[in-house]
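# below: sequence and its predicted model.
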Amino acid sequence: MPGDMRAVKAIKTVTAAKVVKGVQAGLKAWLRSFKVYAEPASLRMLALGFSAGLPLLLVLGTLSFRLREAGIDRTTIGYLSWVGLAYGLKWLWAPLVDRLPLPWLTNWLGWRRSWLLLAQVGIVLGLLGMGHFDPQSQLDALVWCAVLTAFSSATQDIALDAFRIESAAVDRQAALAASYQTGYRLAMIWAGAGGLWLTAQAEILSIPASATGTTTTATTTAYQNAAWQWAYSVMAASMALGVLTVWFSPEPARREGGRRQNVVEWLKSALVEPFLDFVHRYRWQAVLILSLIAIYRISDVVMGIMANPFYVDMGYTKTEVATVSKVYGVIMTLTGAFVGGALALRLGVMRVLMLGATLSLGGNLLFSWLAGQGHNLTGLIWVVSADNLASGIASAAFIAFLSSLTNVRYSATQYALFSSLMLLAPKWLAGFSGRFVDAHGYTTFFLSTAALSLPVLVLVFFTARLKVFQTAKE
């Protein structure tokens, strides 16, 4: 009996040692996996992701806050949101970025780097112009600078997608995408919260308003263009991170076969064939699926255009908005994305797609409630946190849904087309949001954007019952 006990103890000791070695080996494997984020390609993509994310809010959210503070009417602000359509239409000039060499620059820097640098210069010039022109007296010039910034930013996205894909092997693409998204989100915090914070600090420090020859004071509550000029100048300078990264990056290897395609061949391979493949696979169901893609985010996009003017009209300060909306909001969006991804694994994409649409409807209803509260900072924190959490869950489910629809042969192209379709209708409708608020007020507006989610729920319900998704679920 004692011998048996010793044998059992020996077995347990050996088993425990094996478990420990297994755990140590697993930890070492994980550490080796995470080392990919310290590789030069991943670090470059982190910096370039920051460069890509910086302009977005500066031509949309931050700009709408500035315009409303300057006294620009909400109808005009709504129409000016159409500047963001550049991001949904970028596929129209993608063939040029992919096929057209730039005189002198391409021979000097290479194909991808030359387009990236040209786009970044356009962004810098556009941001400087947006800061320089006063919307109260030079709105037209400011808008044209915003158009330049948005067009250059969308062009940078085109070149950067190609740069990322060509910079590493397939097994590194996920890491590059994660690094890119991290940089992108950090830039959104800087452009959103940082832009408002810089402006608020400039007002406190009484920066001279050089354009008018007057000076501002810390107690002045009127619009101060010099403060915004300072903030936009800092944002333009922040693009140096992306510019220097492009300058010191190696040009990725590029397939020569792609260069010999003419425009007609490109259109056939990049647009016609992927679209026909999608229709062939889903047949009549494609109409239902495409309709869902076109309007799934419509309530969030339409409501989002008037969010910053709403904050201004409710009396929230730049610091309050920067802290709550731009920092808490982004953090809750990221949290929602992680939650949505985990739920999709457990419950299935279509169920989480329905959950995301329902929560988005609830977020709009919360804003409708907040509109009747006046300046309520506690209410703002809870409403923004809940709405952004819902947005993160919906976004994660929607990205998974779009990814599931693509054919591996055309994955990049089909996903790009889906992404563009996702933005076009909501962005167009959002242009009328300011006119609606002027006519009916914020409470009715937020109730109406919540109602926009109802057809989405219907489409998700019927799409989930299509045979192809029922089979995938099983």
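Yep, it's here.

# name the helices or strands packed onto the helix or strand Gly340 falls within?
Per DSSP states H and E: Gly340 is located in helix 329-347. Where contact means 3 or more C-beta pairs under 8 Å, 6 or more residues apart in numbering; DSSP states H and E, helix 329-347 is packed against helix 173-189, helix 349-371, helix 377-405. Where C-beta positions appear, they are placed from N, C-alpha and C, glycine not excepted.

# quick one: closest of those helices to Thr323.
With C-beta to C-beta as the criterion, Thr323 lies closest to helix 377-405 of these, at 8.9 Å.

# buried residues in that closest one?
For helix 377-405, the buried set under the neighbour-count rule, 16 or more other C-beta atoms under 10 Å, comprises 379-381, 383-402, 405.

# give me the below-cutoff pLDDT ranges for this structure.
Applying pLDDT under 70 to the chain flags residues 1-37, 168-175, 206-221, 254-267, 269-271, 326, 408-416, 467-474.

# once you drop chain neighbours, what's closest to Gly336?
Spatial nearest neighbour of Gly336, chain neighbours left out: Gly392 (2.1 Å); criterion: C-beta to C-beta, 6 or more residues apart in numbering.

# tell me how far that neighbour lies from Asn376.
Note on Gly392: its distance to Asn376, by C-beta to C-beta, to the nearest Å, is 23 Å.

# go on, Phe432?
Distance, Phe432 to Asn376, using C-beta to C-beta: 28 Å.

# Leu139 reaches Gly71, doesn't it?
No. The criterion here is C-beta atoms under 8 Å, and Leu139 misses it with Gly71 at 10.7 Å.

# more crowded one of these two?
The neighbour count for Leu139 versus Gly71, taken as other C-beta atoms under 10 Å, is higher for Leu139 (16 against 11).

# Ala222: what secondary structure?
Of the three states, Ala222 takes coil under DSSP: H, G, I helix; E, B strand; the rest coil.

# count of neighbours near it?
10.

# can you check what angle separates the helix holding Gly340 from helix 173-189?
Using axes from the mean of the first three to the mean of the last three C-alpha atoms, to 10 degrees, the interaxial angle of helix 329-347 with respect to helix 173-189 works out to 150 degrees.

# got the angle between helix 329-347 and helix 377-405?
Put simply, helix 329-347 runs at 40 degrees to helix 377-405, going by the same axes, to 10 degrees.

# contacting residues around helix 329-347?
Where contact means C-beta atoms under 8 Å, 6 or more residues apart in numbering, the residues beyond helix 329-347 that reach it are 185, 188-189, 192, 351-352, 355-356, 384-397, 400.

# list the buried residues for that helix?
Gly329, Val330, Ile331, Met332, Thr333, Leu334, Gly336, Ala337, Gly340, Gly341, Leu343, Ala344.

# grab the nearest non-local neighbour of the fourth one.
Same thing as Met332. Using C-beta to C-beta, 6+ apart, the nearest residue to Met332 is Asn388, at 3.9 Å.

# how close does that neighbour sit to Leu334?
The gap separating Asn388 from Leu334 is 9 Å, by C-beta to C-beta.

# pull the residues that contact stretch 446-465.
Counting by C-beta under 8 Å, 6+ apart, 288-289, 291-292, 295-296, 298-299, 302-303, 350-351, 353-354, 357-358, 360-362, 364-365, 367-368, 371, 436, 440, 469-470 sit against stretch 446-465.

# hang on, I meant stretch 151-166
Outside stretch 151-166, the residues within contact range by C-beta under 8 Å, 6+ apart are 45, 48, 51-52, 55-56, 59, 86-87, 89-90, 93-94, 97-98, 112-113, 115-116, 118-123, 126, 173, 176-177, 180, 242, 252-254, 412, 416.

# of these, which belong to helices?
Mapping the contacts of stretch 151-166 onto helices (DSSP state H) picks out 45, 48, 51-52, 55-56, 86-87, 94, 97-98, 112-113, 115-116, 118-123, 126, 173, 176-177, 180, 242, 412, 416.

# and the buried ones among the residues you listed, selectable in PyMOL?
Here is the PyMOL selection string for the buried members of those, based on 16+ other C-beta under 10 Å:
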select buried, resi 45+48+51+52+55+56+86+87+94+97+98+112+113+115+116+118+119+120+122+123+126+176+180+242+416
